[in-house]
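Sequence first, then the predicted structure:
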Amino acid sequence: MCTAATYRTKDFYFGRTLDYEFSYGDEVTVTPRNFSFSFRNMGLMESHYAMIGMAHVTEGYPLYYDAVNEKGLGMAGLNFVGNAAYKEEEPDKDNVAQFEFIPWILGQCATVQEAKALLKRINLVKTPFSKELPLAQLHWMMADCEEAITVESVKDGIKVYSNPVGVLTNNPPFDEQMFQLNQYMHISPKAPENLFSDKLPLYAYSRGMGALGLPGDLSSQSRFVRAAFVKMNSVSGDSEAESVSQFFHILGAVDQQRGCCEVGDGQYEVTLYTSCCNADKGIYYYTTYENHQITAVNLYKERLDGTQLVRYPLIQGEQIKMQN
Ligand SMILES: C[C@H](CCC(=O)NCCS(=O)(=O)O)[C@H]1CC[C@H]2[C@@H]3[C@H](O)C[C@@H]4C[C@H](O)CC[C@]4(C)[C@H]3C[C@H](O)[C@]12C
């Protein structure tokens, strides 16, 4: 399971948790403006916006899981197993493979509005990257500082939903996830009043009782509700440190600990990494399951007009600061 979220203070932040039972070999990867993307059906894109994000790089290609471009547009792919459907190529459409979707959009669009225009012509095709890396069944959140949308390629075609919460998890489809929020509209950060019966002396015996009923499990619907509640009620200062700290706290609400989500054969899904990108400043912050210290890579410290990928393997292992 995974959860993606946006957050706005003075700057705009976009990030996600990536939850899985193994890593493909993830690296913070900068794609400079003149790296040549060769699209399977759409030809070469020789110059484009620069981007930074988490990717598995193979055969010289950045297979992005999530990224933000130099214009502050962010995009993340999350599992959508059983619902994602990719198509055969169609004439008069932009036939883009699932693994090309992030470079296709972030390479050319500065805003969600521009992405929406491209999405009108898109057909996500079922071309796999390779035999070893078959199609990933995903849906995506795209966001800039103004708005967020969810994009799903399903049996009926491409669905584009406005995402007023700025949160995405996995199944079910996004419209159903949103509908479920209706079930939780009584939940509040404030202390509850006794509406149960004025004939009973009920009272709030503990802090936090306004959120009684907020689901605590790891299912994707429950994580959606929990992340939405935490994000929508989030309060923080607007400095960089306070904003980044708060962002990691928001996604901390849906963190997965080893042992709690068994996926078979003694294997457990865990939060392999959590990212938070300052989309205005191009700084990609991350923590990993093994390393809680926040590490960061700055897009603008690289030569943005370059042609070669710049790759940063994740720093692993707890970095514990001894105080005495
Ligand atoms: C496993 C990741 C999604 C994590 C997630 O949503 N887990 C939830 C599990 S579940 O709902 O509860 O089943 C996805 C997100 C991005 C995916 C990767 C990216 O799409 C890039 C390439 C795409 C290739 O087709 C496959 C390898 C791959 C490198 C993908 C491997 C894997 O499917 C990734 C890493």
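Structure's in. What do you need?

Can you confirm whether stretch 249-262 lies near the ligand?
No: using Cβ under 6 Å from any ligand atom, stretch 249-262 stays clear of the ligand, with a minimum separation of 8.1 Å. No exception for glycine: its C-beta is placed from N, CA and C like everyone else's.

quick thing: my sequence starts at 29, can you match it?
Okay, using 29 as the starting number, the last item reads as stretch 277-290.

Which parts of that stretch count as buried, going by neighbours?
For stretch 277-290, the neighbour count (16 or more other Cβ atoms under 10 Å) marks 278-279, 281-284, 289 as buried.

and what of stretch 314-321?
Buried residues in stretch 314-321, counting neighbours by 16+ other Cβ under 10 Å, are found at 314-317, 319.

how about the residues of the stretch 79-228 of the chain that lie near the ligand?
84, 91, 93, 105-107, 109, 126-127, 156-157, 161, 163-164, 166, 198.

Pull out the buried members of those.
84, 91, 93, 105-107, 126-127, 157, 163-164, 166, 198.

Identify all contacting residues around stretch 324-335.
Identification of contacts with stretch 324-335 by Cβ atoms under 8 Å, 6 or more residues apart in numbering yields 56, 58, 60-64, 78-80, 98, 309-314, 338, 340.

Would you mind measuring from residue 249 to residue 178?
14 Å (Cβ to Cβ, to the nearest Å).

pLDDT of stretch 312-322, averaged?
On average, the pLDDT along stretch 312-322 is 98.

same deal with stretch 79-91?
Average pLDDT, stretch 79-91: 98.

need the helices for this protein, in chain order.
Remark: helices assigned in the chain by DSSP state H are 129-136, 140-147, 202-208, 248-260, 268-280.

got the residues of the stretch 229-352 of the chain near the ligand?
Residues of the stretch 229-352 of the chain lying close to the ligand (Cβ under 6 Å from any ligand atom): none.

Could you rerun that using 8 Å?
Contact residues (Cβ under 8 Å from any ligand atom) of the stretch 229-352 of the chain with the ligand: 248, 291, 297.

Let's see the ChimeraX selection covering just the buried ones among the residues you listed.
The ChimeraX selection below is limited to those of these classed as buried (16+ other Cβ under 10 Å):
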select :248,297
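
Show me which positions of stretch 163-181 end up buried.
163-173, 175-181.

just how off-centre is it within its chain?
Relative to the centre of its chain, stretch 163-181 is centred 8 Å away, using Cα atoms, centre = their mean, to the nearest Å.

contacting residues for whatever residue of the stretch 129-278 of the chain ends up closest to the ligand?
Taking Cβ to the nearest ligand atom as the measure, the point where the stretch 129-278 of the chain comes nearest the ligand is residue 164, at 3.2 Å. Residues near residue 164 by Cβ under 8 Å, 6+ apart: 105, 107, 126-127.

which one among those gets closest to residue 224?
Of all the contacts of residue 164, residue 224 sits closest to residue 107, with 39.5 Å by Cβ to Cβ.

For the closest one, which non-adjacent residue is closest in space?
Spatial nearest neighbour of residue 107, excluding adjacent residues (Cβ to Cβ, 6 or more residues apart in numbering): residue 198 at 4.9 Å.

these two touch, right, the one you found and residue 106?
Yes: Residue 198 is within contact range of residue 106, at 5.7 Å (criterion: Cβ atoms under 8 Å).

can you list residues touching both of these two?
Residues touching both residue 198 and residue 106 (Cβ under 8 Å, 6+ apart) are residue 30.

What is the neighbour count of the nearest residue to residue 49 once chain neighbours are set aside?
Distances taken as Cβ to Cβ, 6+ apart place residue 295 nearest to residue 49, at 4.5 Å, with adjacent residues excluded. As a burial measure, residue 295 scores 13 neighbours (other Cβ atoms under 10 Å).

Surely residue 295 and residue 287 touch.
No: look at residue 295 against residue 287 with Cβ under 8 Å: they stay out of range, at 10.9 Å.
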